[in-house]
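*Asks:* please work out how this folds:
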Amino acid sequence: MDNENKEDINNSNRYYGNNYAGNGNYNAGNQYGGNNFTGNNGYNSGNNFTGNNGYNNGNNFTGNNGYNNGNNYSGDNGYNGGNNSDNNGNKRGKKSYFAGLITGVIWGIAIVFILIILSNIIESALTKSGKISDNVGTSALTGSSKSSIIKQYIDKYFMEDVEDDVLTEGMYKGMLESLNDPYSVYYTKDEVKSLKQSSEGEYVGLGISVTQNNETKVITVTKVYDNSPAKDAGIEAGDTIYSINDNVLTDETLDELLADIKGEEGKEVKMQLKRGEETIDADMKLREVLIDVVSYEMLEDNIGYIIIDQFTGTSTEQVEEAINDLKSQGMERVIVDLRDNPGGQLECIQAILNYFLPKDKLLLYSETKDGEQERYYTENDGLITDMPLCVLVNENSASASEVFAGVVKCYDRGKLVGTKTFGKGIMQSTFGLSDGTAIKLTIGKYYLPDDSNIHGIGIEPDYEVKLPEDVTNVWALKHSDDPQLTKAIEVVKGLD
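*Replies:* Numbering: from 1, shown residues only. Presented below is the predicted three-dimensional model:
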């Protein structure tokens, strides 16, 4: 069941079992990096050479050049003892040493520069030949830098061209999928648009309602709407979807399936389904479909019969219309059929329950991971607060449907007939982002008036009635052939 923030995104389409909720409270802060892929072309060779240019050789030469030998030779040859010869040799040695030292320093500096240049040349060649540098150390390879490196590998080596926005959207979807919560989802702009259309009871699509088994992941058609592409293609409730556009469904979530079967009018969808041992091929084109989520009729003995497919933005007024019309026909008792109803918006279930209960009745309370609680009550006296009531449920009655059934049972307002419900006792909120996309997150658990949480447990009916094993589509049965409806009629007749 979804809790919504109610501005622009009013996604009430719990249409595919995952309880889409409208939440137009745009939280612009939820912008994830990764859109801007920056090539890492700046290479850090790691060769930082520090020249040891300051030498202190410890050799301090002191020339003993001033000799006083006391011998003054006077002669034609003009020699001064031979001491001058020693002095000249010392001067030549000192000059030779410093010249060699300077030459060595110059060569050392030259070699360092040559090594640096060669290193850059070699690294550049390696990069061009296929080596992609991440420009960061192993410990720092995180976040946008890592996504940029992966993007480079995809661009260089992946066998097909991929648009940048496809990679980006996939990254965001993967972030939500990593939560391992089938109800937390990232929505693209197109998906948000489709959800808004569905919540308004009119959308471009195939015109089917489906549910998914949490264990087997099998996706089953629960209802086919009149005047729809699915109806024209011969699809029936109870069919299981095997593939879409030649892609075999494995553990694909309902939200991913939704993206495949919605889009612009005229989009072609090829679907293969299983009906027992039979394979059904359906080639369809999307078109505008009008959905009535509530249908009703008067049964014998003035028993009103109201079927609610889902709790969306239009269901509240449709249920009110059904009650008022049936009352005008003399309705004395009522059966509400929630079989295969996957749930819906919190505000819708709150308003609809209010038709059957007096004012100020606690319906449920929610609790977040921080322990914050919020309580929800009926706001006025209902339309039929004392009329005998029976509610039909089955294993596909989930979320908001379970709130309805649970509240009726907690207050002994009526009786439940059918099989144990799905068992979804958690709530989601959808947060719109400033670029037109959105994320849906599980935000907490909800509890019924008796403080019970039915997540993973479900609700047991007061009267358990199973369908025959060979019946896969309850909606294809005539009323007289439907054992669950037959029992509900019997039970409601006995209520005062």
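*Asks:* what sits closest to F422 if chain neighbours are left out?
*Replies:* Distances taken as Cβ to Cβ, 6 or more residues apart in numbering put A398 closest to F422, at 3.6 Å, once the chain neighbours are dropped. C-betas here are computed from N, CA, C, even on glycine.
*Asks:* list the contacts for that neighbour?
*Replies:* Contact criterion Cβ atoms under 8 Å, 6 or more residues apart in numbering gives G17, N19, T211, N341, P342, G343, T421, F422, G423, K424 as the residues in contact with A398.
*Asks:* dihedrals phi and psi, the last one?
*Replies:* Listed backbone geometry of K424 is phi -120, psi 100, with angles given as degrees, to the nearest 10.
*Asks:* how close does it get to G174?
*Replies:* Here K424 is placed at a distance of 24 Å from G174 (Cβ to Cβ, to the nearest Å).
*Asks:* show me which of those two is the more surrounded one.
*Replies:* It is K424, of K424 and G174, that has more neighbours when counted by other Cβ atoms under 10 Å, with 27 against 10.
*Asks:* returning to what we had before: per-residue confidence at the residue nearest to F422?
*Replies:* In this prediction, A398 carries a pLDDT score of 96.
*Asks:* A helix includes it, no?
*Replies:* No. Inclusion of A398 in a helix is not indicated when DSSP: H, G, I helix; E, B strand; the rest coil is applied; the result is coil.
*Asks:* list the contacts of E300.
*Replies:* Under the criterion of Cβ under 8 Å, 6+ apart, the contact list for E300 is empty.
*Asks:* quick one, phi/psi of it?
*Replies:* For E300, the backbone dihedrals (degrees, to the nearest 10) come out as phi -60, psi 160.
*Asks:* give me the pLDDT for it.
*Replies:* Reading off the confidence values, E300 has pLDDT 96.
*Asks:* what does the one 10 residues further on give?
*Replies:* Q310 carries a pLDDT value of 91.
*Asks:* roughly how far apart are it and K267?
*Replies:* The span separating Q310 from K267 equals 23 Å under the rule Cβ to Cβ.
*Asks:* cool, F113 as well?
*Replies:* Taken as Cβ to Cβ, the span from F113 to K267 is 63 Å.
*Asks:* just checking, what's the longest strand in the chain?
*Replies:* Of all the segments assigned as strand in the chain under DSSP state E, the longest by residue count is strand 438-447.
*Asks:* please, which helix or strand holds G170?
*Replies:* helix 164-177 (DSSP states H and E).
*Asks:* again with D470
*Replies:* Applying DSSP H and E as the criterion places D470 outside every helix and strand.
*Asks:* phi and psi next, for it.
*Replies:* Recorded main-chain torsions at D470 are phi -90, psi 0, according to degrees, to the nearest 10.
*Asks:* count the residues that sit near it.
*Replies:* 6.
*Asks:* again with the one 5 residues further on
*Replies:* Residues near W475, counting by other Cβ under 10 Å, number 15.
*Asks:* the one 4 residues further on now?
*Replies:* H479 has 12 neighbouring residues, counting by other Cβ under 10 Å.
*Asks:* ok, now V403?
*Replies:* 28.
*Asks:* so it: helix, strand or coil?
*Replies:* V403 falls in the helix class when you classify it by three-state DSSP.
*Asks:* ok, it to I459 distance?
*Replies:* Taken as Cβ to Cβ, the span from V403 to I459 is 10 Å.
*Asks:* got it, and L167?
*Replies:* Distance from L167 to I459, counting by Cβ to Cβ: 44 Å.
*Asks:* okay, those two: which has more neighbours?
*Replies:* Neighbours per residue, other Cβ under 10 Å: of L167 and I459, the larger number sits with I459, 23 against 17.
*Asks:* now the residue nearest to the more buried one when sequence neighbours are not counted. Its backbone dihedrals?
*Replies:* For I459, ignoring the flanking residues on the chain, the nearest one in space by Cβ to Cβ, 6+ apart is T421 at 4.6 Å. When quoted as degrees, to the nearest 10, the phi and psi of T421 stand at phi -80, psi 180.
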